[in-house]
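Trainee: following is a predicted model, sequence given first.
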Amino acid sequence: MSTTSPGSESGHHDPHLAHHFENAEQQADSAKLGMWIFLATELLFFSGLFCAYAMYRANHPEIFIWADQFLDKKLGGLNTVILICSSLTMAWAVRAAQLGRRRALAILLTATLVFAACFLGVKGIEYNTKWKHGLLWGKYYHPHVEGAAESGAAPVTAPPAAAPDKAAAASDGTEIPPAAEGPAGLAPANAPAHEIPASAPKNVQIFFSIYFVMTGLHGIHVIAGMIVIAWLLRRTLRGEFGDGYATPVDNVGLYWHLVDIIWIYLFPLLYLIR
Amino acid sequence: MTTLLHCALLALTAAPGKPSFLMPREASTVAGEVDHLFYLVLGISAFFFLLVVGIMLYFVIRYRYREGVAAEKTATHNTALEVTWTVIPLTLALVIFAYGFKGFIDIVTPPANAYEVLVTAQKWSWQFTYPNGYVDKDLHVPVNRPVRLVMQSQDVIHSLYVPAFRIKRDVVPGRYNKAWFQATTPGEYQLFCAEYCGTGHSTMLAKVIVHRPGGFDTWLADASNLLKTMSPVDAGRHLYTVRGCAQCHSIDGSGKTGPTFKGFFGHKVVLSTGQAITADEDYVRESILDPQAKVVAGFEPVMPTFQGRLTNEDITSIIQYLKSLSAGPKGGGGK
Amino acid sequence: MTSVNPPPPGEGAAAALAVGGDSYLSHAKGLRSWIFTLDHKRIGVMYLVAVLTSFFLGGVFALLVRTELWTPGRTIVSADTYNKLFTLHGAVMIFLVLIPSIPATIGNFVLPLMLGAKDVALPRLNLASFHLYVVGAVFLLAAILTGGVDTGWTFYTPYSVTTGTSVILTTLGAFILGFSSIFTGLNFIVTLHKMRPKGMSWFRMPLLLWSLYATAIIQVLATPVLGITLLLLVAERTLGIGIFNPALGGDPLLFQHFFWFYSHPAVYIMILPAMGIESELISVFSRKHIFGYNFIAYSSIAIAVFGFLVWGHHMFVSGQSGLANMIFSLLTFSVAIPSAVKVFNWLATMYKGSIRFDTPMLYALAFIFLFAIGGLTGLFLGALATDVHLHDTYFVVAHFHYTMFGGTVIAFLGGLHYWWPKFFGRRYSERWGKIAALLVFVGFNLTFFTQFVMGSHGMPRRYYNYLPQFTPYHQASTIGSYILALGFFVMAGYLAHSLIKGERAPANPWGAATLEWRTSSPPPYYNFEHEMTAGDPYDLDTVRFVSRAEGWVPATEGAGS
């Protein structure tokens, strides 16, 4: 893609140095600064979700406490360990690239990919379990989990958000939500009576909406990271990075660490509520 | 000079009962305070605008390019000047903020003995429910009495706005937002929806009727009794007018958001599914309670449900009224 | 770093590009050389074409809106169509025009040149940014062609979740455009940190660069929040996650908070570069050093930072708490002050100057007039009590048009006319430039000033139908919009003409001291013959006038340095 870049005939002997930089250090610094800024944008991107989490949790702690029982801490903990290991292999890979050790680099990048795949696998198991039990987001929340509550209370009945047919119609045409709970007497006459079981609080589906959006978005970033790491692997196998030129590996490493850090925040917030 | 200023101020400012060049007439207890702040900010703005533009025009004329005359080197910064022209605007800004905040507290804090009216907003009409249960399409209030509005939306965000009272509040589904005012002058005032809500946003209007002392109670008593003393057809016509049906259904054959009621009852209608049915009592009742069930072909499925908002007697009256609109040369038209 | 074809020694830079000379425009030929270019100048020009095309599209929507409002009730379109027209006008103007405008067009072209650099730090990212713009624009076009969208450009829930129009295409388009914006900002930050030339400390940078830096900070930090907001809206519509739906336990106001957290800083993305251009124009056309450089630089950063803290002033009547209202109102006033003070700085710059009335300066003067009105009317809206009355009325519409159009677009036009000779090596007709500027100024004021009065009288915005008493105001406004359109047609005419028949421009036609004027007009693809050293960008004694054909040259020598 540099066919028309200005000054390409200036004949730099450093094949990695772009024409518009004065030296390799300036180029590497620029790339790194660029990556750090990009990571800041990713952080801001997730911040909206963390805000939504904070807001809903502050206003409805009972939902979070109740829903937490359906998240498998062991699997979540396993995933945390997996990702930390992948960060380790990634950091190690950066070092290998800086030392020009191509074989080690290839192995470590592969290991990172393997760990990432395991992470996704575990996530897949968790998502599948939730699907089976109807513990999905928003309007698809139809739980049917037998004896899930630790206290041995009656099987979870569907906490009503809205009647299922109304919920299904929620996103097309004009939808009339039932009035929020206000002072007595202000609900419209003949409003459909909501059945409120003793154990589950209302609107538990909000938790699962947040859960799926946050882990889903994180998962998409893991997949994107895997694609980029695979690209690095391909370049490694084609002989690049052998002379100590490590900038791409370095910067992808930074990205990968961010993906890891985000999970490290997600894990306690979603899994370790109680 | 002072008379000139006085006249200018009089001409420019609004007063109770009198609109000005810039503001509608002041018709509530907070309107005066809001207007005072408005004119204060206007005065400050006008002063600074004239200052800035005046200096600018003076400079471009006085220091325009002239052959052989070079620009003069002046200081490139002057701390004292820069601090001064930062501090003075900042102070003025804080003054404006303070008045704004105080006025706002008055706008949102109702007195204790306020008369409460429930407001329901829907696409695209307003319903006002009075304490005795009577529902009207307009807001009637007594003069010189604080009125508190408790507002809910049936669908999307709307906003209740009465310019003459200087009040506005969003009406948000899923919660109750409140507003209050005390009207100071009997009369009729415009109420707008001020949050975009779709096709009929600009026709979602209502009137605020401020009654003279004693007039409000009389009006409410008469209005509430209407249905008890009317024939079913007349009652149905009244409901058609005040419960929002008129917004979307005409009675003269013209096309609106929904099918016209003229000649509707008892005739065949084709549904969006292609099925053809007769518009009988059951169909009308079903369409009022579950409007999306059978939608007439060629119309959007946007009718809100009146489940819980119309009694069975109300629905029966409406059916009778619709029948009257199909009843041949004599019975057609109604109003 | 010597070029392949250095100019003959001793001749001015202008001579180096006599007819047939090699500039960035002629250097490589063919469509592919443009589509895959890494040259920031070409990317800037492509952005310019794209942004001006989008401006035309948004302008057509505006004229349709104003024509419909000639009479109350139906004039030319139905209510549904009208609602789509104002939505698309807003979405196109904000996402396709105003946000990219100055940074992506003038910024891309001029920033590296002002740094004496060969390109931005990350040229491939720059190209990616442009292609993302095109993709985003295609999505918006697809939305228009599949029936349009009628939510208002603000996409408030629940209406945007339930309406049947092309919301998803539009929001995905805006999402992609957001990345285009982020990448531009990211690039500028890295470039400014890493590629300043010898002699250019932070406080020796031209103020345009300070403003682009502050803008880039906002682009990078605020736009991702819009991204997640739009993504959640799409998820709400497609998957029913319910986060904004009260029936499913969600909160419609959460959307507003998320949305405005980006969209308020967004208006500073629009105005900061405009103020940067203003500093350049006022200084050069008054022949004076800018007054209060440090303050202007600091105030740009201050506006960027404070701009993040005031989003709630769009929600004063939404039902949020009184405490929140109070804090947002207070902070809103604080962010007004730096902007106001800049105006005083510009006036002080003009003091005892030697003021010329070339077209760029006419726009710079118009900016002061129009932005003053826009900014001052913001005071009415920042104050809680008056905002209750004025919110969601035409007063707000007039306020933001005075700031975004009267501010950003006017400054953009000033910058366009200022750097036009640098971009294309041609002068345009001064006479027609002045005529168009007058038409734009008069047309603009006629269109929007009456809207303040309508608004304070209670005319709500986004209204298809209106009460008959507002008719004269609307009609005056509509007439103004046609005069405005005429001004733009005239402008398009003489600018296009200049590309074909315009007088050749010298390297420095205006006598500025920033580095972009030290290379030919248009520049060679490699930007500069020699490594550049920067001095005081506002020391206008460093250049002297020679002739109209040769323009201004460095005061030390006759030849280009």
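Mentor: That came in fine, so what should we check first?
Trainee: residue C:522 belongs to a strand, doesn't it?
Mentor: No: secondary structure assignment (DSSP: H, G, I helix; E, B strand; the rest coil) places residue C:522 in coil, not in a strand.
Trainee: nearest to chain C: which residue in chain B?
Mentor: residue B:174 (2.3 Å; C-beta to the nearest C-beta). For every residue, glycine as well, the C-beta is placed using N, CA and C.
Trainee: what's the neighbour count on the residue nearest to that residue when sequence neighbours are not counted?
Mentor: Leaving aside its chain neighbours, residue B:174 sits nearest to residue C:246 (2.3 Å; criterion: C-beta to C-beta, 6 or more residues apart in numbering or on different chains). Residues lying near residue C:246 (other C-beta atoms under 10 Å in any protein chain shown) number 23.
Trainee: the residue of chain B closest to chain C touches residue C:253, doesn't it?
Mentor: No: between residue B:174 and residue C:253 there is no contact under C-beta atoms under 8 Å: 9.2 Å.
Trainee: re earlier: make sure the residue nearest to residue B:174 is actually in contact with residue C:255.
Mentor: No: Residue C:246 lies out of contact with residue C:255 (C-beta under 8 Å); the separation is 11.6 Å.
Trainee: so where's chain B uncertain?
Mentor: Scanning chain B with the threshold set as pLDDT under 70 gives B:1-17, B:227, B:328-335.
Trainee: give me the most central residue, chain A.
Mentor: residue A:218 (1.2 Å; C-alpha atoms, centre = their mean).
Trainee: ok, it - contacts?
Mentor: Contact partners of residue A:218, counting by C-beta atoms under 8 Å, 6 or more residues apart in numbering or on different chains, are A:46, A:259, A:262-263, A:266.
Trainee: quick one: name whatever helix or strand follows the helix or strand encompassing it.
Mentor: Applying DSSP states H and E as the criterion places residue A:218 in helix A:205-237. The first helix or strand that comes after helix A:205-237 along the chain, using DSSP H and E, is helix A:247-271.
Trainee: now that next one, how far from the centre of its chain.
Mentor: Centroid separation for helix A:247-271 versus its chain: 9 Å, with C-alpha atoms, centre = their mean, to the nearest Å.
Trainee: shouldn't residue B:126 be in contact with residue B:120?
Mentor: Yes: using C-beta under 8 Å, residue B:126 is in contact with residue B:120, at 7.3 Å.
Trainee: ok, back up a step: tally of neighbours for the residue of chain B closest to chain C?
Mentor: 22.
Trainee: where in the chain is pLDDT low?
Mentor: This is for chain A. A:1-13, A:146-198.
Trainee: hm, I was asking about chain C
Mentor: For chain C (pLDDT under 70), the answer is C:1-21, C:557-561.
Trainee: can you tell me the SS state at the residue of chain B closest to chain C?
Mentor: coil.
Trainee: any idea how far it is from residue C:232?
Mentor: 17 Å (C-beta to C-beta, to the nearest Å).
Trainee: check residue B:218 too.
Mentor: Counting by C-beta to C-beta - residue B:218 and residue C:232 are separated by 52 Å.
Trainee: so between these two, which is more surrounded?
Mentor: residue C:232 (25 against 11).
Trainee: quick one: contacts for that one?
Mentor: A:48, A:52, A:213, C:241, C:243-244, C:255, C:258.
Trainee: now, which of those lie within helices?
Mentor: A:48, A:52, A:213, C:255, C:258 (DSSP state H).
Trainee: so which of those residues reach chain B?
Mentor: Checked against chain B using C-beta under 8 Å from any C-beta of the partner chain, the ones in helices among the contacts of residue C:232 give no members in range.
Trainee: and the furthest pair within the residues you listed?
Mentor: A:213 and C:255 (14.0 Å; C-beta to C-beta).
Trainee: what is the neighbour count of the closest residue to residue B:280 other than its chain neighbours?
Mentor: Nearest residue to residue B:280, sequence neighbours excluded (C-beta to C-beta, 6+ apart): residue B:266, at 6.9 Å. When neighbours are defined as other C-beta under 10 Å, residue B:266 has 14 of them.
Trainee: likewise residue B:221?
Mentor: 11.
Trainee: surely it forms part of a strand?
Mentor: No: Residue B:221 is assigned helix when assessed by three-state DSSP, not a strand.
Trainee: ok, it - contacts?
Mentor: No contacts exist for residue B:221 under C-beta under 8 Å, 6+ apart.
Trainee: gap between it and chain A?
Mentor: Per C-beta to the nearest C-beta, to the nearest Å, residue B:221 is found 22 Å from chain A.
Trainee: check residue C:113 too.
Mentor: For residue C:113, the distance to chain A - C-beta to the nearest C-beta - is 12 Å.
Trainee: next: residue B:213.
Mentor: 29 Å.
Trainee: what parts of the stretch 351-500 of chain C come near chain B?
Mentor: So far as C-beta under 8 Å from any C-beta goes, the stretch 351-500 of chain C lies against chain B at C:351-357, C:365, C:368-369, C:372-373, C:376-377, C:379-380, C:382-389, C:391-393, C:453, C:456-458, C:460-467.
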